[in-house]
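1. below is the sequence, then the predicted model.
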Amino acid sequence: MATLKISDIRKSYGSSVILDGIDIDLEHGDFLVLLGPSGCGKSTLLNMIAGLETIDSGEVAIGDRVVNRIHPKDRDIAMVFQSYALYPNMTVGKNITFGMERRKVPKAEQVKALKHVAGLLQIENLLNRRPAQLSGGQRQRVAMGRALVRDPHVFLFDEPLSNLDAKLRGEMRTEIKRLHQRLGATIVYVTHDQVEAMTLATQVAVMKGGVIQQYGPPQHIYAKPSNMFVAGFIGAPAMNFIPATIASGDNGGYGLVIRQPSVDGGEIHLSLTDYETKDLGSYQGREVVLGMRPEDISRYDPNGSAAPMDTFACKIDVVEPTGADTLIVTTLGGKEVTARLPPKQAGFSGEDVFLSFNMSEASLFDAETKNRI
Amino acid sequence: MIDVNSLPGQRSVGHIFGRLFIYGCLLFCAAIYLMPLVIMISTSLRPLAEIKSGTIIALPREITLDAWAKAWGEACIGTKCTGLSSHFWISLKVVVPSVIVSTAFGVLNGYALTKWRFRGANLVFGLMLFGCFVPFQAILLPMAQTLGLFGIANTPLGLGLVLTLYGLPFSTLFFRNYYVSIPDDLIKAATIDGAGFFATLRYIILPLSAPIIVVTVIWQFTNMWNDFLFGASFSNGDGQPVIVALNNMVNTTTGVKEYNVDFAASIIAAIPTILVYVVAGKYFIRGLTAGSVKG
């Protein structure tokens, strides 16, 4: 049974198109993250699911029931807002039970549900306080409690962690993940933070300009981004984009040539024998963009062992230690390229080193359409 | 905030003279402002004979409440000598309901204009705002005709209606500007929780509105109580509000000018507004400066 099904949703304000044909299909227990930069339409989409925005065309169905014309309160959803939207005049307990009160749930049942949720979120000792007396993390919990107590078909989270400081954000992220695993609820979660998307989601929809750019499990989107926008948006430091040309290889396959514009010039030859698309004939001799994650670049130390495939010489421009890893920046094909290395291998700026690309993890993009080849 | 008294290197002679100058100015201004009130009170407590024998500005040698009693119950307004009391009650009868009604509508208007935006909400607000700037004189004649048409000319109801209508643009403006700062997410959350237009107003918005309600009540009460033009235009005889009655009483030209009675009457007419300020004053400041409502 589909828990949430969105078909060809469209929305525009005047001449500006906000959403341009969105399709989503979620099973029970899915955790969908709508990921994108601000203004991509992700919050609008969430508000449409909630019923707080009208839909120009298309359909939203929650649990096999089309809800386009159903009032938000009857949609069997609960929402957690970015600003928490706790009612300042009510105590925490009242905040959580307000929805049940409006729905005329019997008092005993309310008390039971409140107790259960308060235990789940460990906020029993806060129930008589007012929101103004709570810290950011506590407010966040209460906001989630208000949603949890309803036990709805679909939970909607609108950038719930963006008002927290970095440490708390990490903790609450883990907590949300734990809650999801424990409750097995269906969640739609809006964020612009790709780390949240990677850690929380079972499905990610990367959005831009009112269109879903790629939809799938986070690891798949990370490893095989469908275009350069997705590739650049997910992952920190971002994927390296290096201009290159496709050439025919030695053994009938295809290879990749990066031309170095520097004084010493030269060309870097890379093999494409492992690449997913075998027939690159139509691209032969054309300019493409090679996408390489920083962790797929390693350093080769010429200590007698045979050099791995796709190794080349270059000079380190900058060294940036981050603790666990050290980032080194060099220049390939006129573009800055970042590699993520273990600190002991990092070297120093100005050093001439050999780097090797793990070409089985490479992505190739059409230089014009920006789409994955 | 910086405590300017405890900054390092501040204890020079120049600094002390500066302080003296500042406090001197403040005391001087306070004295100027207090002077009329002091003189009014002191004069109202003096017997008329004492005022006539000396100057108007002097402290009382003999304290009596006769002037107050006369102003309240015996002073002549026109040909009737029953004092301000009946007019005082008429003012209360007109002003209190007008304040309540105009504030209540202000709540509704402000709420609807900010949280349940409809097509043309800005135009409606613009037009209501325009109402704040329509001069009183401009509507005297059409309003008199309208009241006559409804058959409520020269009645407290008619006067109350005019005051309420004139209060509406201001109360709408106050509440609208206050509600703009209440986050829309609160309304969305309440909507999902199942609260409709009035339930949201009752359970979420109203409990947050105390400061702005106080501000509006003070503003409306003061303006309506002190109104003279509408009172003089749309009421007559026994139905006149206290401010108009006070004017008529003080301007009665027959007989001796009773300064002590006039002053006592002025204070009586001013007491309600002073009371409202004293009771609600601290909320007034708080309400004017209250910023966004933090969740």
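-> Structure's in. What do you need? Numbers count the residues shown, from 1 in each chain, chains lettered A, B, ... in the order given.
2. do you know how far residue B:229 is from residue B:154?
-> Distance, residue B:229 to residue B:154, by Cβ to Cβ, to the nearest Å: 15 Å. Using the backbone N, CA and C atoms, a C-beta is placed for each residue, glycine as well.
3. when those two are compared, which one has more neighbours?
-> Counted by other Cβ atoms under 10 Å in any protein chain shown, residue B:229 and residue B:154 do not tie: residue B:154 has more neighbours, with 17 against 14.
4. part of a strand, is the more buried one?
-> No: counting by DSSP: H, G, I helix; E, B strand; the rest coil, residue B:154 is not part of a strand but coil.
5. OK, contacts around the residue of the stretch 201-350 of chain A found nearest chain B?
-> Closest to chain B within the stretch 201-350 of chain A is residue A:207: 20.9 Å, counting by Cβ to the nearest Cβ. Shown in contact with residue A:207 (Cβ atoms under 8 Å, 6 or more residues apart in numbering or on different chains): A:34, A:35, A:36, A:40, A:41, A:42, A:45, A:213.
6. surely the third one meets residue A:211?
-> No: taking contact to mean Cβ atoms under 8 Å, the distance of 9.7 Å between residue A:36 and residue A:211 leaves them out of contact.
7. quick one: pLDDT of the nearest residue to the residue of the stretch 201-350 of chain A closest to chain B once chain neighbours are set aside?
-> The shortest distance from residue A:207 to any non-neighbouring residue, by Cβ to Cβ, 6 or more residues apart in numbering or on different chains, is to residue A:36 (3.7 Å). With respect to pLDDT, residue A:36 scores 90.
8. phi, psi of residue A:36?
-> Recorded main-chain torsions at residue A:36 are phi 170, psi 170, according to degrees, to the nearest 10.
9. neighbours of it, just the number please.
-> Using other Cβ under 10 Å, residue A:36 has 28 neighbouring residues.
10. what sits against residue 201?
-> All of this refers to chain A. Counting by Cβ under 8 Å, 6+ apart, residue A:201 has contacts A:31, A:32, A:33, A:189, A:217, A:218.
11. that answer is for a different chain, and I need it for chain B
-> Counting by Cβ under 8 Å, 6+ apart, residue B:201 has contacts B:107, B:108, B:111.
12. can we see that at 7 Å?
-> By Cβ atoms under 7 Å, 6 or more residues apart in numbering or on different chains, the contact set of residue B:201 is residue B:111.
13. the one 4 residues further on now?
-> Applying Cβ under 7 Å, 6+ apart, one finds that residue B:205 lies in contact with B:111, B:179, B:182.
14. any weak-confidence spans in chain B?
-> B:1, B:4-6, B:9-11, B:253-254, B:284-295 (pLDDT under 70).
15. residues of it that sit close to chain A?
-> Contact residues, chain B versus chain A (Cβ under 7 Å from any Cβ of the partner chain): B:183, B:185-186, B:188-189, B:191-195, B:199, B:204, B:207-208, B:293-295.
16. show the buried residues in the residues you listed.
-> Listed as buried from the residues of chain B next to chain A are B:183, B:185-186, B:188-189, B:191-195, B:199, B:204, B:208, B:293, B:295; burial here means 16 or more other Cβ atoms under 10 Å in any protein chain shown.
17. confirm the residue of the stretch 201-350 of chain A closest to chain B sits in a strand?
-> Yes: note on residue A:207: a strand contains this position according to three-state DSSP.
18. and it, bridged to which residues?
-> Under the criterion DSSP bridges, residue A:207 forms beta bridges with residue A:212.
19. is it true that residue A:371 touches residue A:227?
-> Yes: proximity of residue A:371 to residue A:227 meets the contact threshold set by Cβ atoms under 7 Å, at 4.8 Å.
20. what about these two, which has more around it?
-> The neighbour comparison of residue A:371 against residue A:227 (other Cβ under 10 Å) goes to residue A:227, with 20 against 14.
21. what's near enough to touch residue B:107?
-> B:175, B:209.
22. give me the distance between it and residue A:242.
-> Taken as Cβ to Cβ, the span from residue B:107 to residue A:242 is 63 Å.
23. kindly report the same for residue A:59.
-> From residue A:59 to residue A:242 the distance is 43 Å (Cβ to Cβ).
24. more neighbours: which of these two?
-> residue A:242 (23 against 13).
25. just confirm that one is within a strand.
-> Yes: with three-state DSSP as the criterion, residue A:242 is assigned to a strand.
26. mind listing what it touches?
-> By Cβ under 7 Å, 6+ apart, the residues touching residue A:242 are A:258, A:289, A:290, A:292, A:332, A:333, A:335, A:337.
27. ok, 8 Å please
-> Residue A:242 is in contact with A:258, A:289, A:290, A:291, A:292, A:332, A:333, A:335, A:337, counting by Cβ under 8 Å, 6+ apart.
28. with residue A:350 instead?
-> Contacts of residue A:350 (Cβ under 8 Å, 6+ apart): A:315, A:316.
29. next, it: secondary structure please.
-> Applying three-state DSSP: residue A:350 is coil.
30. per-residue pLDDT, it?
-> For residue A:350, the predicted pLDDT is 87.
31. quick check on it: phi, psi?
-> According to degrees, to the nearest 10, residue A:350 has phi 90, psi -10.
32. what does the stretch 1-150 of chain A put close to chain B?
-> A:47, A:50, A:52, A:72-73, A:77-79, A:81-90, A:98-99, A:102-103, A:131-132, A:139, A:146 (Cβ under 8 Å from any Cβ of the partner chain).
33. now a ChimeraX select for only the buried ones of those residues.
-> Selecting the buried subset of those in ChimeraX, with 16+ other Cβ under 10 Å as the burial test, is done by:
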select /A:47,50,52,72,73,77,78,79,81,82,83,84,85,86,87,88,89,90,98,99,102,131,139,146
